[in-house]
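Q: turn this into a model:
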Amino acid sequence: MPLDAILLSAVADELADRIVGSKIDKVQQPERDVLVFHLRGAQGPCRLLVSAGAGDARVHITEHRLENPSAPPMLCMLLRKHLTGARILGLKQPPAERLLDIELAATDMLGVQSEKHLIFEAIGRASNVILTDGENIIIDCMRRVGGELSDRRATLPGLIYRPPPAQDRKIDPESVTADVWQGMFDAGYSSKKEATVENWLLSAFSALSPLICRELSWRAYNDVCFRMGLIKDGGAGLKREFFDLVGKAKGKKLAPWSITGADGAYRDFSYTEIMQYEGVMDVRMEDSFSGMLDRFFTQKAQKERNRQRASATVKSVETAQSRIGRKIAAQKEELLATAGRDKKRQCGDLIMANLHDIKRGQSQLYAEDLFSGNGSIREIVLDPMKTPQQNAAKYYKDYTKAKNAEKHLSEQIKLGEDELRFLSAVLDEIALADGEQDLQDIRDELVLAGYIKAKKKDKEKRAASAPIRFVSTSGMQVLAGRSNIQNEKLTFQMAAKTDVWMHAQKIHGSHIIISCNGESPDAVTLQEAAAIAAYYSAARDGSKVPVDYTLVKRVKKMAGRHPGMVTYTDFKTITANPDGLIVGRLKR
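A: Have a look, this model is predicted:
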C-alpha cells in the first residue's frame, strides 16, 4: 500500500519520539530521489531517510548504508549548507494529508539562529522534498515545478510555499460523525448500487488506501469485492468497522503489520492487521514502522537494482540461448536427413551385383530389389559420366558420410542441449542473486565458459566471495554456494568428506553443506538446511520442494561438464518449504 495519511501519522508519531531534539550531523543524497540525514541525539545516532520517489515515497529511520555518488548533487550541497548542525524541533502533519513538516532550528554562517522547514510531500508522482525558511519562502526543492506556462502548483526557489490543494469532495475520516457517515452511505447506496464497497470508500474519504478499503469490505461482509447494492444491513457492519479503525487512528493505537509471500518476500504493509488473505499470505506484526518500511523498500530497491545491473548479462545469456537453439534445430534437420543412409549402401550393393547389365553412359538402373524380400524392382539413379564402379563407390561414400554425420550430429545436439541447460541454470542464478557480488560471480562463470568477454575491471584481482553462512537452531553451521563455480568449490574443496551435502531435487539450485564433523545432523538442522536449499533454488516460489541429501563423499563431479554439475548416490529425500523467514533468521 502507499504511504497514506493515516500511516504517515503513525510513522510521524514514532519518529517524534526518536528524533525530536536531535541534531543533523551529515546530509547525503545517494540517489536522485533519496536524502539521508545522519542525526545525533540523546537516544544515540541514527539515520533518517526521506524518499520522494514516485513508487517509494516514504520517511523512516534506516539501518542500511546506501552508496553515495563521488560528487554530491547540488541539492545535497545546499542542504548541507543550511541544515548541518540544525536541531529538529518537531514534526507536524496537516489533518488527512500526506505531508510532513519537519521543523528545524538552524544556525547560519554568522552564528545567527533561523527557522527552517523541511517539508515532505508523499503524493505519488508529484512527491517532493522542499526546504523553506521561517517566512515560508522556498529555498530549494527536490523537484522544481511550475512557471508561467504551467497550470500546476508552482514549487520554485523564491516563491511562497503553498500546500497541495485539498482533494475535492473527499472527507477526512477522523472528522466525520456517525450521522454524517450514515447520510453519505445512504446517498451512495441509492446511487451506486453496482459500485463495490472499496470504490465507494475511496471516492468518499481521503486518507484511505485501496488495501484498507478492501479490508473494511472484507471485515464487514467477508468479501473484498462486495457491491453496495447487496448490502442488507443498512451499512451497519461497514459503519462498525469504519469507526473501529478511525478510533484506533485517533487513539494512536496503530501498529506496523507486514505482508509476505511464501518465499519470505515483502508484498505489502499496513497499520492494522490485514485479514482478507485468509492464510494465503503471511501477516505479522513488526517491531516498528521504521523497521518495517526499511526492510520492505530496501528489499524492493535491491531487487530493482539487481534487475538493472543484471540486464546486460541476462541479454547476453538469452542471445546465446537463441543462437544455440537455432543451431540445434538445424542440426536436428540434418540428422533426419541421415535416416535413409541404409538405402544408399543398398544401392551400391545392387550396382555391384548388376555390373554386367550396366553400360557406360546409362543414367538409370532397374534391378531386382534383393533387400525387399518380395522381388520388387528398384530404380537406381546413375551418373552417366561415371563408370558403374564409380557410381557404386559414390553411394558407399554417401552412406559412410551419413553414418558419420549421424554420430557427430547426435553428439553436437547433446552438447548443445547441455549448454541450454547450463544457460537456463545461469538465468536461475541471476534471479536468485542477492547483490553485486553474486552477479559478479555469475559474470566470471560466463567469462570462463566463453559466453561473454571479461571487462578490464573484471580482470583486476578481487577477493573471492564466500559462501552464504547460516547457523541452525541447534548451532550447526550451514553453507550455501552463490554460483556454479562456488558450488563446486564448496563441495569439492571446502567441505569435509563426512559433511552432509544437500540439493533441491532435479532443479537448479545452490549446493548446501551441513558442517557436522562426521556426526549426524539433528532433525531440526536437517529441516532448516532443506528449507535453505529450497529457498536458494529455482523452486523458491513453490512449496513442498523435495530436497536430496547425502554425504559429501557420495557426490561426484561430472567429467567434462560445467562447474557445479554433479552426480550423487545413496541419498535420502526430505520435503521443505522455501521459507524466507527461516533463511533471514539463520543467516549470519
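Q: chain center to the top helix by length along the chain: distance?
A: The helix that spans the most residues within the chain, counting by DSSP state H, is helix 289-337. Computed by CA atoms, centre = their mean, to the nearest Å, the separation of helix 289-337 from the middle of its chain amounts to 12 Å.
Q: what helices or strands is it leaning on?
A: On a contact count with 3 or more CB pairs under 8 Å, 6 or more residues apart in numbering; DSSP states H and E, helix 289-337 meets helix 5-19, strand 58-61, strand 257-260, strand 266-270, helix 388-432, helix 436-449. Every residue, glycine included, has its C-beta placed from N, CA and C.
Q: average model confidence for the helix or strand just after it?
A: Next helix or strand after helix 289-337 toward the C-terminus (DSSP states H and E): helix 341-353. Mean pLDDT, computed over helix 341-353, is 86.
Q: contacts for whichever helix or strand comes after helix 341-353?
A: Following helix 341-353 in sequence order, the next helix or strand is strand 364-368 (DSSP H and E). Strand 364-368 is contacted from outside by 350-351, 353-354, 357-358, 375-382, using CB atoms under 8 Å, 6 or more residues apart in numbering.
Q: tell me what angle strand 364-368 forms with helix 388-432.
A: Per axes from the mean of the first three to the mean of the last three CA atoms, to 10 degrees, the angle that strand 364-368 makes with helix 388-432 is 90 degrees.
Q: what's the angle from the helix or strand just after strand 364-368 to helix 388-432?
A: Sequence-wise, the next helix or strand downstream of strand 364-368 (DSSP H and E) is strand 377-381. If you take the same axes, to 10 degrees, strand 377-381 sits at 80 degrees to helix 388-432.
Q: show me what strand 377-381 is packed up against.
A: Packed next to strand 377-381, using 3+ CB pairs under 8 Å, 6+ apart, are helix 341-353, strand 364-368.
Q: counting by contacts, list what the longest one packs against.
A: For helix 341-353, the elements it packs on are strand 364-368, strand 377-381, helix 388-432, judged by 3+ CB pairs under 8 Å, 6+ apart.
Q: just how off-centre is the last one within its chain?
A: In other words, helix 388-432. Using CA atoms, centre = their mean, the offset of helix 388-432 from its chain centre is 38 Å.
Q: lowest average confidence, helix or strand, in the chain?
A: Here the helix or strand of the chain ranked lowest by mean pLDDT, DSSP states H and E is helix 456-459, holding a mean of 54.
Q: tell me the helix or strand right after that helix.
A: Next element after helix 456-459 (DSSP H and E): strand 468-471.
Q: who's in contact with that next one?
A: Outside strand 468-471, the residues that reach it (CB under 8 Å, 6+ apart) are 434, 477-482, 510, 528-529, 532, 536, 583, 586-588.
Q: show me what counts as buried in it.
A: Using 16 or more other CB atoms under 10 Å as the test for burial, strand 468-471 gives I468, F470.
Q: pLDDT of it, averaged?
A: Per-residue scores along strand 468-471 average to 90.
Q: repeat for stretch 548-558
A: 92.
Q: same check, this time on stretch 565-584
A: 87.
Q: distance to H117 added to the contacts of strand 364-368, as TSV?
A: Shown next, in TSV, are the contacts of strand 364-368 (distance: CB to CB, whole Å):
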residue	distance to H117
L350	101
I351	101
A353	105
N354	106
D357	109
I358	106
G375	106
S376	101
I377	103
R378	99
E379	98
I380	98
V381	95
L382	99
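Q: least confident pick among those?
A: G375 (78).
Q: next, that residue: phi, psi?
A: For G375, the backbone dihedrals (degrees, to the nearest 10) come out as phi 70, psi 20.
Q: and what of the one 10 residues further on?
A: Recorded main-chain torsions at M385 are phi -90, psi 0, according to degrees, to the nearest 10.
Q: one more: I574?
A: According to degrees, to the nearest 10, I574 has phi -130, psi 150.
Q: now the longest helix of the chain against helix 436-449, angle please.
A: 20 degrees.
Q: ok but V129 is inside a helix, no?
A: No: going by DSSP: H, G, I helix; E, B strand; the rest coil, the assignment for V129 is strand, not a helix.
Q: could you find the closest non-adjacent residue to it?
A: M142 (4.4 Å; CB to CB, 6 or more residues apart in numbering).
Q: please give me every residue in contact with the one you found.
A: M142 touches D33, L35, A52, L75, N128, V129, I130, counting by CB under 8 Å, 6+ apart.
Q: hmm, 7 Å instead?
A: D33, A52, L75, N128, V129 (CB atoms under 7 Å, 6 or more residues apart in numbering).
Q: M184 now?
A: Here M184 is in contact with A204 (criterion: CB under 7 Å, 6+ apart).
Q: over to the one 4 residues further on?
A: When the contact criterion is CB under 7 Å, 6+ apart, the partners of G188 are W200, A204, M228.
Q: now name the helix or strand holding it.
A: Counting by DSSP H and E, G188 is part of helix 178-191.
Q: next, the buried residues of that helix.
A: W181, M184, F185, G188, Y189.
Q: from the contacts of strand 468-471, which would you call buried?
A: 477-482, 510, 528-529, 532, 536, 583, 586.
Q: with secondary structure and distance to I137 added, can I get those residues in JSON lines?
A: Listed next are the buried ones among the contacts of strand 468-471 as JSON lines, based on DSSP: H, G, I helix; E, B strand; the rest coil; distance: CB to CB, whole Å:
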{"residue": "Q477", "secondary structure": "strand", "distance to I137": "60"}
{"residue": "V478", "secondary structure": "strand", "distance to I137": "59"}
{"residue": "L479", "secondary structure": "strand", "distance to I137": "59"}
{"residue": "A480", "secondary structure": "strand", "distance to I137": "56"}
{"residue": "G481", "secondary structure": "coil", "distance to I137": "58"}
{"residue": "R482", "secondary structure": "coil", "distance to I137": "53"}
{"residue": "S510", "secondary structure": "coil", "distance to I137": "57"}
{"residue": "E528", "secondary structure": "helix", "distance to I137": "59"}
{"residue": "A529", "secondary structure": "helix", "distance to I137": "61"}
{"residue": "I532", "secondary structure": "helix", "distance to I137": "56"}
{"residue": "Y536", "secondary structure": "coil", "distance to I137": "54"}
{"residue": "V583", "secondary structure": "helix", "distance to I137": "51"}
{"residue": "L586", "secondary structure": "helix", "distance to I137": "53"}
